[in-house]
Structures are given as C-alpha cells and as structure tokens.
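A.B. asks: give me a model of this one.
(2 chains)
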Amino acid sequence: MNSHAFTFCAETFHALPSGALWWPAAGLLCVSDLHLGKAERMARRGGPVLPPYDTADTLSRLDAALAATGARRVVCLGDSFDDLAAGAALAADHRAWLLRLMAGRDWTWVEGNHDPGPLDLPGTHRAALLAGAVTFRHMARPGAAGEVSGHYHPKARIALRGASVARPCFLADRCRVILPAFGTYTGGLATTDPALDGLMGPEARAILTGRRALAIPMPRLPARRRA
Amino acid sequence: MTALPTPLHDWLARRGWSLHPHQQDMLDAARDPACLLIAPTGGGKTLSGFLPTLAELTETPRTGLHTLYVSPLKALATDIRRNLETPIAEAGLPIRVEDRTGDTTATARKRQRADPPHILLTTPESLALLLSYEDAPRIFAGLQRVVVDEIHALAESKRGDQLMLALSRLQSLCPDLRRVGLSATVEDPAAIARFLARHPQPCRILTADPGPAPDIALLDVPAPPPWSGGGGRYAIPAVLDAVRAHRTTLIFHNTRAQAELFFHDLWLQNADALPIGIHHGSLSREQRARVEGAMVTGDLRAIVCTGSLDLGIDWGDVDLVIQVGAPKNVKRLVQRIGRANHRYNAPSKARIVPANRFELVECHAALDAVRAGALDGDPRGPGPRDVLCQHILIAACAGPFDADALYAEVTTAGPYAALSRDAFDACLDFCATGGYALRAYDRWQRLQQRPDGTWQLRDPRAARQIRMNLGTIMDTDTLKVRLRGRGGAPLGEVEEAFAATLTPGDTFLIGGQIVRYEGLRELTVEVTRRGGDTPKIATFMGTKFATSTQLSDRILTMMAQDDWPDLPAHTRDWLHLQRRVSRMPRADRLLIESFPHDGRAHTCVYGFAGRNAMQTLGLLLTQRMEDLGLGPLGFVATDYAVLVWSVDPLTDPAPLFTGDNLRTGFETWLAGNAVMKRTFKASAIIAGLIDRQSPGKRKTGRQATFSSDILYDTLRKYDPDHLLLQITREEARRGLVDFGRIEEMIARTRGRVDHVTLPRVTPLAAPLFLEPGRVPVQGAGAERLLAEAAERLLAEAGLGAPDTA
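C.D. replies: Numbering: from 1, shown residues only, chains lettered A, B, ... in the order given. The predicted structure follows:
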C-alpha cells in the first residue's frame, strides 16, 4: 500500500501515505492531531467561517485507514479535538460515525494540549500509553527513547528542478518518531524549525506523505546555523 | 468661463503661467456630478484636478474635509502633497493638505480622524479602512469632491472596483459629492467614464490636446537579435551609446528578473562608468528611495526599471525612454513613452529594443499601432464578487446595515451596475454564514440579523480581523533579503517559492549585485557578497505580461503580407522560409505543425492567444495527449505558440481543438491545477475566507495555519457550487489562466485547423526550442520526479535506498 517500512525499538512499523502509523505485530494504528471540529471552533470564536466539511473528511480518511489495515487497537495521539467544546459539540451523525469506528476496537485517547481533559466518549483516556518498549504521548520529551508523538505537524520541503514541494511528513530517528497531523485542516511546521531540529538526531529521516510514503534525509538548515 | 479667485490668479501671473485649455475646461465643469479628464503625461493633469478645489476653498474658507484625492501609489500621494504645498504657501491660501497611506503614523491617523484636513490624499485601501470605522459619517461630513488619479490604471484591477464601491458608500454619506477622474490616454474613454460616474448619471469627458506625436522607432542595433530569450543583452553597446547621447534615459523592462540581468550586464560593459541605477518593486524601500533621490537631483544618467516607474511620479528631466523587449501592450507602451520629455508640447522620444527575432515582428506591429493611435484594452467585465464580499464585511464593521439599501447603493457603482439581487444575496449569505450547502454555522454566523432586520457582526472582535485583511492587492509571499551580519543592509525581497529552491552556496542577482545564499534566519534570506562572476540561478519567478489581443491580431495581419519590406533582411528571409516549407499562421485558421526532432515527436500550435492562455492550452493539450496514450513529456509556451514534445506523434489534432473538447478538459483540469489554486487563494483572501499571511504572524512559526489548497480541495469535493468556486472559475477566464483568450481563439478559428506534417523543425518553431521555461508534464510524472529526488538525496546522504514495503 505504498507505505514506508522501518525498524523502531526492534519492531517493524509502517509509515502510511495517509499520515497514520501502522504497527502490524501489535495490530495497532496510531494517528495524531485529528483536530476534529476545527472549522466550528474558528467560527465560534468570530474568525472565518471555513467550509464545514473537515470533520467528515478526517473521519472518512480514518475510516479508510482502519479498513485498509484492519487495526484492532487505535491510539489517537492527542489534539484529537480542536478543543474540549468541539468534542462536546460533535454533530450527531459524526458522533455516530466515530462510535461505529470505535466499536470492537481497543481505543486510546491520549491527551493533547488542545484537548487536555477527558472527553465525553468511550475508550481509554490517558496522558500517555506504554505498549511494549514504545511510549505513545502527544508531545515529544527531550531525551526520551522509544517514543512516538505528534503535536508539531512536521512538514518537509524538497526542491525539484526549480520548483519545490512541501508535504506533511513523519520524522524518525533511533529514539523517536513524530507523526504528521492527520486532520484535514492542519498546517505544518517546517522540519528546519529549531524546535524540530533540536529534537531529532543527526541521522533522522523525514518520510513524506502523499500518494506514496517517501523517505528522505530530514531537511534541516546548514550545520553552522544550528548552533 | 469660470475665473480663478484673485490670490490664485495673481500667483499664476507672478510665475508667468497661464492655464492650459483643459485646465480652464476643468474649472468650467467644476459643478458637474462627474467629470473625466483624458490628458497625456506632463499635461498638468493633477493641477487640473485640484484647481476647482483650490478655487472653492479660497473663495469660501471653511473647516472639514473638502476634497479627497485617491491615487494608486503611496508615493504619488506624498509627491502631490509637496506639489500642492507650493502654490498654497506662495499664494497664501487657507488650505491644509495631508496624506494618509499605510506609511502614515498612528498618531497622525488618529488626529486626521478627529480633525480632517481640507484635502486628504490617500489610496483605495486607506479609504476603505476609513470607511470601516463607525465614525466615518463624521470624518467625511461636508466632503465636496473626490479626485481619482491614474484612473486608467485603477480601472484595470480590483483596486479600482473596491474604490468605486467605496465611492458609492461615500456618495450616500455625502449626496452632493462630485467625482473627477484623471486618466492617461486610453482606448475607450466612455468605459472609464461609466466606471467612474454614479450609475446611471452621465459623466462629462474632457480631452486635453495630446501634444505632438512621439518620436518613436526601433533602436538602431547593428547586431541581429538572438532567436529567443528576453534579455536584450545583444543591444547593450547601442543602449550605452544612446544613454551617452541623452541627459537622462529610462530603460524599461517587462520583468524584474530581466531588469536585474540587464543591469548586471550593462555595468560589465559600462567602460565610462556612466552613473546608472536600478529601480523595481522587489528592491528595499531604502534602495528605491536612494535611486529616486539621485534621479531627482539629476545625478543619474539612466535607470533600469520595470512597471514600478510606470505611473505618473515626476522624475524630472527624462529625455529618452528605451523599452527592452516587446511591449506586449500598445497602451502601456504609449504611457511609457509619455515618461520622456515631461514637458508639454515637446515630442517624447522613445526607442524599442526587440529581445529576439520574433519580438522584432511584434515591435513593428506595436509601432504601427502607436502611429495609428490604436490603443488596446481587453474589456474587464462586471465587478468581481470577491471584492463585493469584502465591501459587505467593511460595511458591517462600520455598523448595522440594511441589505436593501446596501444593494441599491452597490448598484450605483459602475462595475456593479448590472449586479443582480440574487448575486448580491449570495455574497451577503457568504459573509453571514459561509454560504455552504451544509448549514453548519447557524449558531456561529459571522453576520447576524437584528430584530429590525439590519445586519451586524455577531462578534465585534471580528472587525479587527476584517480590517487587517482589507484590500485587494495580492502580495506574493515574499522574504526579505539581507546581508549577513549584525545590522546587515536590506537588499530587497524574493518570492518565498524562489527562496525555497535555494541551497547554501547558490548565487543570484538582486539590486544589480551577485550575492551568495547563506541560509534562512527567521524568515529573512541571509546572503553575503561573495558572489562569482555569473549568478547560478535566475532571480524571481514573477508574472509575465501577455501580448494583448489587438497586438496579436496585428502580428497575424502582418504575417499574412506577401512581403515585409520594412523588416531587416534576416527576419524577412526567416518569414519567407517559413512560408516556403510550411505555412504562415492566419487569424481565421489554427496552424498546427508536427515534426520529429531529436528522437521525439513535436507538435507546435500557433494560437496567438498570449502567454498565459498558451500556457493553459499547453496544460490542457498535454492532458488530452496523456488520455490518448501519446506520452507527452513536456511543453513550452510563448505569446504566440505552444510546443509539445511526446513519445508518439499527434496524428489528428483537429478534434482536440473544438470548443466543447477544450471546455470539458478545462473543467476536469480545474481540479488539481496549481494555477487554479493560486487564483482561489487570492479570491478567498479578498472575500474574507482566509487571513492574509502577515509577516509578523508567520514569524511565530505556528503550525496552526494551513494552506488554502486544502480548502480548495475540500470545497471541490463537498461543495462544488460554492460561491468561492464560482468566483474562482470567473477569475480563471482572465489573469494567469486566461481561458477567455482560448475561447476567443476558438471563436476566431472555428475548427478550421491546418495540420502540416513535416520531416524537420520549421523556421517559426525553431526559436521555441531555445525558449526557457519548459514545463515537464505533471500527473504521473510529478510523483516519479519526487521519488527520483528522494532516492538521490538518500544516496547523497549515504543512507541507501529506502526500504519500501
């Protein structure tokens, strides 16, 4: 399925082109930063009234990823809802859709900075989840090992014969994996940003999402600028 | 005849000046509700606009705002203030003049709102902002006149549409408001008059004596122009000779990149070290101010420049204008010529340098048009609705409004005179609820109806955001360029997309110097002066002008001649050879040539629809060829033709060029195209769907902002009839996509296709092989390119091939 397989904590993981992380041995699918209800939240706060189709779009892509992998366990890595009120205000049909996806699956909601409290939804609510040697949490901790996180929405830019393409991407090195945002209305933070640069080791790769997952060396600023 | 009040009359007399006839005409027409003056550059046009104001305020001194002056350029407003202050001071008139632009300090703005001057000089954007304040009725109370300068330039853009909507608002606040438009020579004065006047009121049109005919010809260059390219480098010795023989020369280029390259090469050959400067919109304000200053004091012999010098700022003693590259548009050429000899009644002198062999033909056609006084202009069509959406939001910022009254007011603006109530209501609905098929925001509407039926902002905090996004100018996202080091000098700006292609060590041109890219720091491109002799990368992407319809028609007419005695032998022979081995393109037929070259099949379509439309045609054509399995590999487009190369030849092109086929292709192509997404983004910002990216905001590096492409894709998928997609399709008829010109080509040729198959490259197609800007075919190809790049990068980093599952 055009994914990129890599070894992390002695386990095989697949970075899917959709931006989800698939761990076949554990039957576990991990998605991060769904930001459900984002358009609604922006309108509520007097901002622009964006096309109100983001929640349905995110759910349908999640639906597809679950169908394609047949995952038994699901970890949502935080910022699943754009805020707690968005979680509460989920439209009835979207809520029913989500509950259908959750039915029969071991589902964990990891807390994020946008949705720090427990949600009015079934599933397990946790600050972080330990599975084997792997820790799932929303925001990467410096110095952590065996950690899978989200939060930053990394995106990589790559030059192509005079033009350039920017894609949401995974970042992976020996110690950690950072997932791209899965939500439809989510922007990205360039991999060259000091926040990401400081977290990732020198051998880190960026795995671009899109039609096919593609691994490249993590794009960063020239070494002497990083000091 | 209206006489001037004594102080003004005496001041003119002391100076030994008398009024031009059109200035007297303007005084006589001072009471007209609307009046348009058409005058060439240097005809004392601006003073004509202000004379009635000066006269009225001298005769009847008063307080409060009397005249509002609107110009497209901030610099023009400042310039005019200085020019007005002289007569006011010397004649001792009781008049206060101030300007108000984006550069005016917050303190001055506040004072202007509390105590407006007699004459306020401003821009369309600053006026719109003033109208968004609740106290707008007080600020504008008693306003008598509005003077719109350079209205011909404003009428070509959304800035003009926005201004006319603002005037409709002003007219409601000040029913006695009289409108004056000042215009350079245009092809259709009546159209500008309709644009300006309060619909359906009439508008008087005054025309100044155009002055003596310009002295205009091709620059005499001994070397023949090259086969392709746009630089005009071959002409540098001749240009330097011309500069030497004149006091001050303006050297116009069509793009910033060309101006930079030409300036660089000019200095390499400038053995006498003639003082020559460069001026264009991407240079830093400091750099531009330095050049402008040196120009005014007469320290420069020449300035290499672009459209940033197009409008009427007085640059003093210019006695020669050189246009490098085909002017693409006769009207613009005439207006540029007017920059030379800024004195009335002296002929302007201009010389044109065709940049390549084909442009030689185009320049001849343009000269013919200038001599015939035939200006071009493609009518713009009704006022765009994204601008109307912004106008509605601005109205809501100022206070509750009544929809019926606002509709009635909007339709008094020339560009919106034919706006239907349904179209207006769709815009109002968009502003209020987003206008989505899914009514999701009933609770969170942006505009809300009050019990009395008027509309207001639901959340007053929204006003700030609306004001911050005001205006219709689309800055491409740019990054500042600075010399590295503490307090490094700013050099100018480059487009973000260009900056993204740079890797440290790359060298490029900016402000005439070669700089080396060192890195990116907080959204500033850091460079050093350690450049080599040749820049590695061309500067800027930028837009290119397309040859106008009229000029394209003239070229086609010229090609139909039996012989071309006026053209130099090298070009004449080239055209004769084309006729012998193939055919000449014709206005009423579509010439398509197919020939093999370098192991690939080639197809050349002579559509003569202008660069943007030909580019679109190339995209549509390669898409159809991909569907047909012909393996298109790439194409290149110019103003007159598109050349496609493919694995297999196109044997029967005619069916591809029927209107229905192209239109169907266009609809499908809308889906994924980057140019469409750019068009959408501009309209989405203007209509208030997404925020402008202000540099300050981006600096925080937040990951919260997301690209407008996502919204475009979402709307295409879930709400294809949404207002903003309708607007995007309307916009695509012109501008970068320019599908309107393709429709025109279809109508002109009506399926009469001449398909010529030849064994080798034809004379007319040959230059296309040298043309830069080749576009590889996207689609499956793009992913392949990305995969290749990924593999190469991994290999370079010693990481080996990715282990893909």
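
A.B. asks: OK, contacts around the residue of the stretch 251-400 of chain B found nearest chain A?
C.D. replies: Proximity of the stretch 251-400 of chain B to chain A (Cβ to the nearest Cβ) peaks at B:Leu393, 10.6 Å away. Where C-beta positions appear, they are placed from N, C-alpha and C, glycine not excepted. Residues near B:Leu393 by Cβ atoms under 8 Å, 6 or more residues apart in numbering or on different chains: B:431, B:446, B:466, B:688.

A.B. asks: neighbour-wise, which of those leads?
C.D. replies: Highest neighbour count within the contacts of B:Leu393, by other Cβ atoms under 10 Å in any protein chain shown: B:Cys431, with 28 neighbours.

A.B. asks: let's verify that one: helix, strand, or coil?
C.D. replies: Assigned with DSSP: H, G, I helix; E, B strand; the rest coil, B:Cys431 falls in the helix class.

A.B. asks: can you verify my assumption that it contacts B:Leu447?
C.D. replies: Yes - with contact defined as Cβ atoms under 8 Å, B:Cys431 reaches B:Leu447; the gap is 5.5 Å.

A.B. asks: name the residues contacting each of these two.
C.D. replies: In contact with both B:Cys431 and B:Leu447: B:392, B:396, using Cβ under 8 Å, 6+ apart.

A.B. asks: name the residues that touch the longest helix anywhere in chain A?
C.D. replies: Ordering each helix of chain A by length in residues (DSSP state H) puts helix A:54-69 first. Applying Cβ under 8 Å, 6+ apart, the contact partners of helix A:54-69 are A:1, A:16, A:18, A:20, A:22, A:24, A:29, A:31, A:34-40, A:71, A:74, A:90-91, A:94, A:97-98, A:101, A:105, A:182-185, B:714, B:717-718.

A.B. asks: next step: those restricted to helices.
C.D. replies: Counted as lying in helices by DSSP H, out of those, are A:38-40, A:94, A:97-98, A:101, B:714, B:717-718.

A.B. asks: I'd like to know how many residues surround the closest residue to B:Ile690 other than its chain neighbours.
C.D. replies: Excluding its sequence neighbours, the residue lying closest to B:Ile690 (Cβ to Cβ, 6 or more residues apart in numbering or on different chains) is B:Ala684, at 5.0 Å. Residues contacting B:Ala684 under the criterion other Cβ under 10 Å number 23.

A.B. asks: same check on B:Gly102?
C.D. replies: B:Gly102 has 11 nearby residues by other Cβ under 10 Å.

A.B. asks: could I have the buried ones of the ones in helices among the contacts of helix A:54-69 as PyMOL selection syntax?
C.D. replies: Listed next is the PyMOL selection for buried residues among the ones in helices among the contacts of helix A:54-69, using 16 or more other Cβ atoms under 10 Å in any protein chain shown:
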select buried, (chain A and resi 38+39+40+94+97+98+101) or (chain B and resi 714+718)
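
A.B. asks: the residue nearest to B:Ile690 and B:Arg692 touch, don't they?
C.D. replies: No - applying Cβ under 8 Å, one finds B:Ala684 not in contact with B:Arg692, separated by 10.5 Å.

A.B. asks: before we move on, back to that, for the residue of the stretch 251-400 of chain B closest to chain A, give me phi and psi.
C.D. replies: Here is the backbone geometry of B:Leu393 (degrees, to the nearest 10): phi -70, psi -40.

A.B. asks: measure it to A:Gly27 for me?
C.D. replies: 51 Å (Cβ to Cβ, to the nearest Å).

A.B. asks: repeat that for B:Ala166.
C.D. replies: With distances taken as Cβ to Cβ, B:Ala166 is found 62 Å from A:Gly27.

A.B. asks: next: A:Cys76.
C.D. replies: Taking Cβ to Cβ, one finds A:Cys76 at 16 Å from A:Gly27.

A.B. asks: show me the shaky parts of the stretch 701-805 of chain B.
C.D. replies: Applying pLDDT under 70 to the stretch 701-805 of chain B flags residues B:701-705, B:772-786, B:797-805.
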